[in-house]
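# Output the structure for:
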Amino acid sequence: MAFSDDILNQCASPNTAGEKDLKTLWRMLRLMRGGFVRYLLAIITMSLSLSGFDTVTALLLKSILARAGLTGNRFAGLPAELLACAAAGITLLLLYALSFYVYTMEAKKGAANLQKLIYSKCMRLPYSCYETVHSGEFMSKVIYDCERACGIYGSRFRRILMPFLMTCCYLLVMFLLNPQVTLCLFGVSVALFLVNGAFIKPMQKVSRDMSCANTSVTEQISNLLSGMEQIRIFSLSSIMVDRYVHDNDEFCHKQRRMNRMSAVLDGLNQLFGLMGALVFIALGLFFVSKGITTVDRLAAIYLLYGTMSWNLLQVGLYLPSMASYLANAKRVFAFLETAEEPEIRPLADRQPADPDSMVCIRGLSFSYEDNSDVPPDNTPVSTPDDTPEIKNPGRRNILQNFDLDIPTGKCVAIKGESGKGKSTLAKLLLGLYPIRSGSIYIAGKPMDAYTLQELRDLIGYVPQEPYLYDVSITENIRYGRPDASREDIINAAKMANAHEFIMELEDGYETRAGERGNHLSGGQRQRIAIARAILKDAPLLILDEATSALDNRSEQLVNQALDRLMQGRTTIVIAHRQSTLEHADTILSL
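Residues are numbered from 1 along each chain as shown. Sure, this is the predicted structure:
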């Protein structure tokens with residue numbers, strides 16, 4: 001996580017919502033870190049090399065036309081001049097190719113930095129975020145908004161800065177050839193630029209609307225994939241399709257608005273391009289007739305003006321596009337500024353604890369209505385009119401003044417009706433939620449004496465529905481201890497009664513478990529989770545309804561594995577089944 005800490009310290013800002021586009025752009029560029037200088041120099045070099053090549057071509061045309069008016073040998077020195085121009089052109093093009101390579105590599109590195117930062121941020125968010133925010137919204141930020149923001153590195157910034165620099169180079173040469181013609185043509189180009197600038201805010205607003213619409217579409221896809229079983233059972237196909245079609249139509253509607261604005265903008269740009277050509281012809285005829293300029297100079301200016309006008313058109317064309325991409329970048333930064341899970345879970349208060357207990361809980365109260373990192377219960381908070389207000393005065397506590405002592409090496413079973421706080425207690429011990437009232441001691445030390453990593457290293461957890469990743473069974477077990485050897489993994493599987501069925505699989509331990517472990521049965525998934533917990537070898541074990549969803553045969557095998565896992569450990573068993581409760585030294589009813 002050091003990467004995330006370091007880079008956020010460099011570019012994070014607490015007020016993204018009202019942030020100006022230039023500040024957002026600057027923050028995006030700072031994410032490139034040391035590569036920004038190479039990235040910028042590459043764009044500048046590309047600009048100078050291309051404009052230099054066009055200038056060489058224009059001056060060569062001017063020289064050839066000037067020779068046409070000579071009365072003597074018109075070809076004297078022409079071969080040398082052509083060779084010099086060819087050498088200069090080849091050198092400039094090679095320089096452009098090298099600069100483009102550097103630019104491309106640095107742009108990809110910048111995009112990779114942003115992607116790593118977002119992924120790292122996902123790992124640092126409070127657990128409550130994943131319970132309250134739809135997975136589709138996460139996917140929209142991680143994929144759609146991130147991809148659009150990375151487009152700033154890949155094209156949008158270059159397509160504004162590079163044409164701008166090239167336009168400046170062309171104007172300088174054109175001004176040296178004839179300032180009067182250049183100033184008149186530049187006036188037409190400025191008008192074109194202002195017209196494009198008027199489209200910035202409307203296109204930025206539509207881009208934000210498209211991002212929100214895309215979030216809804218992603219949520220519908222996520223619902224479809226996650227709830228396919230329920231969709232089939234309850235014949236919800238038509239309802240889910242209708243919802244997806246509705247949200248997709250909304251996205252298409254926003255996309256059409258963006259396309260219409262882009263089409264109008266492109267039409268206006270073409271109109272101004274035609275007007276510029278007509279103005280140039282009229283001015284050229286006038287200035288040549290007055291002797292203010294010559295045909296050869298006018299030809300060179302015209303050749304440069306066509307390229308200059310096109311580049312200035314690119315600046316105007318991509319400014320609104322850049323603004324829309326920056327709107328996505330703001331959403332990304334707003335996501336990156338979300339409050340993170342603290343390294344230490346502070347206790348609301350401390351009460352005397354039993355030093356001989358592995359787990360000691362005193363006066364614990366908890367409510368899900370107050371589970372975020374906000375001031376504790378009954379702490380006054382400021383409302384918009386500065387009137388003190390009591391936070392969540394009517395909320396219902398899941399746990400109320402709860403006390404518990406578990407001696408080291410003993411097993412305590414907790415039973416009770418759903419909603420009474422059994423699984424909540426496990427989540428609080430794991431530090432997934434902040435404690436607002438009361439105190440928890442683990443191994444004789446208060447919870448806030450541990451970092452979350454240290455706290456969770458002390459606890460082995462087997463949930464009712466363990467999550468398996470779509471990797472090999474070996475890797476799924478190894479997550480319990482990443483440095484475990486293959487022999488350790490096999491021994492853990494044997495203790496969990498999993499070795500036999502694993503060896504019967506086609507690829508044995510290298511068999512992929514499938515998404516969420518759907519290639520395995522419920523009992524097999526549970527035994528893999530137990531093997532993972534055995535491998536972790538933590539002194540405190542929490543079993544959360546570990547056998548509630550199993551058939552009798554699977555339950556028997558899992559209970560045998562749990563018996564081995566519980567030996568020598570302090571255990572908290574959350575269960576309803578009598579067969580599980582029989583192993584407990586003490587049974588607590590909530």
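# what's the distance between Leu274 and Gly267?
11 Å (Cβ to Cβ, to the nearest Å). Every residue, glycine included, has its C-beta placed from N, CA and C.
# do the same with Gly460
Using Cβ to Cβ, Gly460 is found at 66 Å from Gly267.
# likewise Leu25?
From Leu25 over to Gly267 (counting by Cβ to Cβ), the distance is 28 Å.
# Repeat that for Asp247.
In terms of Cβ to Cβ, Asp247 sits 31 Å off from Gly267.
# which of those two has more neighbours?
Asp247 (20 against 10; other Cβ atoms under 10 Å).
# Now for Thr571, how many residues are close by?
24.
# doesn't it fall inside a strand?
Yes - residue state for Thr571 (DSSP: H, G, I helix; E, B strand; the rest coil) corresponds to a strand.
# if I look at it, how far off is Ser357?
13 Å.
# Now Asn269: which helix or strand?
helix 237-289 (DSSP states H and E).
# Secondary structure element for Arg208, which one?
Judged by DSSP H and E, Arg208 forms part of helix 200-226.
# what do you get for Arg481?
Judged by DSSP H and E, Arg481 forms part of no helix or strand.
# Look up phi and psi at it.
Dihedral angles of Arg481 (phi, psi; degrees, to the nearest 10) stand at phi -150, psi 100.
# residues near it, how many?
17.
# give me every residue that touches the closest residue to it other than its chain neighbours.
Closest residue in space to Arg481, ignoring its immediate chain neighbours: Leu535 at 4.9 Å, by Cβ to Cβ, 6 or more residues apart in numbering. Taking Cβ atoms under 8 Å, 6 or more residues apart in numbering, we find Leu535 in contact with Ile477, Arg478, Gly480, Arg481, Ala484, Asp488, Ile489, Ala492.
# Among the residues you listed, which lie within strands?
Secondary structure from DSSP state E places none of those in strands.
# Let me have the residues you listed in TSV, adding pLDDT and distance to Gly523 as columns.
Formatted as TSV, the contacts of Leu535 follow (pLDDT from 0 to 100; distance: Cβ to Cβ, whole Å):
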residue	pLDDT	distance to Gly523
Ile477	92	16
Arg478	91	21
Gly480	89	19
Arg481	89	23
Ala484	89	23
Asp488	91	23
Ile489	91	19
Ala492	88	17
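# Which one of these is nearest to Glu515?
Ile477 (17.6 Å; Cβ to Cβ).
# Help me confirm that that closest one comes into contact with Ile490.
No - the pair Ile477 / Ile490 is not scored as a contact, 9.0 Å apart, by Cβ atoms under 8 Å.
# Look at these two and report which has more neighbours.
Ile477 (28 against 18).
# quick one, what contacts the more buried one?
Ala484, Ile489, Ala492, Ala493, Ile528, Ala531, Arg532, Leu535.
# Just give me the closest of these to Glu465.
For the contacts of Ile477, the nearest to Glu465 is Ile528 (12.3 Å; Cβ to Cβ).
# Check the secondary structure at the closest one for me.
Under three-state DSSP, Ile528 comes out as helix.
# my read: it touches Ala496, true?
Yes - look at Ile528 against Ala496 with Cβ under 8 Å: they come within range, at 7.4 Å.
# In terms of neighbours, single out the busier of the two.
Ala496 (28 against 24).
# my guess is the more buried one contacts Asn559, does it?
No - Ala496 lies out of contact with Asn559 (Cβ under 8 Å); the separation is 11.5 Å.
# can you pull out the strands in this structure?
Going by DSSP E, the chain shows strands at 357-366, 380-382, 388-390, 399-407, 411-415, 437-442, 445-446, 459-462, 540-544, 570-574, 586-589.
# residues touching Gln400, list them.
Gln400 neighbours (Cβ under 8 Å, 6+ apart): Ser365.
# Distance-wise, check it relative to Ser437.
Where Ser437 is concerned, Gln400 sits at a distance of 9 Å (Cβ to Cβ).
# which residues are in contact with both of these two?
By Cβ under 8 Å, 6+ apart, the residues touching both Gln400 and Ser437 are Ser365.
# For stretch 245-256, give the mean pLDDT please.
Averaged over stretch 245-256, pLDDT sits at 81.
# buried set for that stretch?
Asp247, Asn248, Glu250, Phe251, Lys254 (16 or more other Cβ atoms under 10 Å).
# Looking at these, which is nearest Leu581?
Using Cβ to Cβ, those come closest to Leu581 at Asp247, 47.1 Å.
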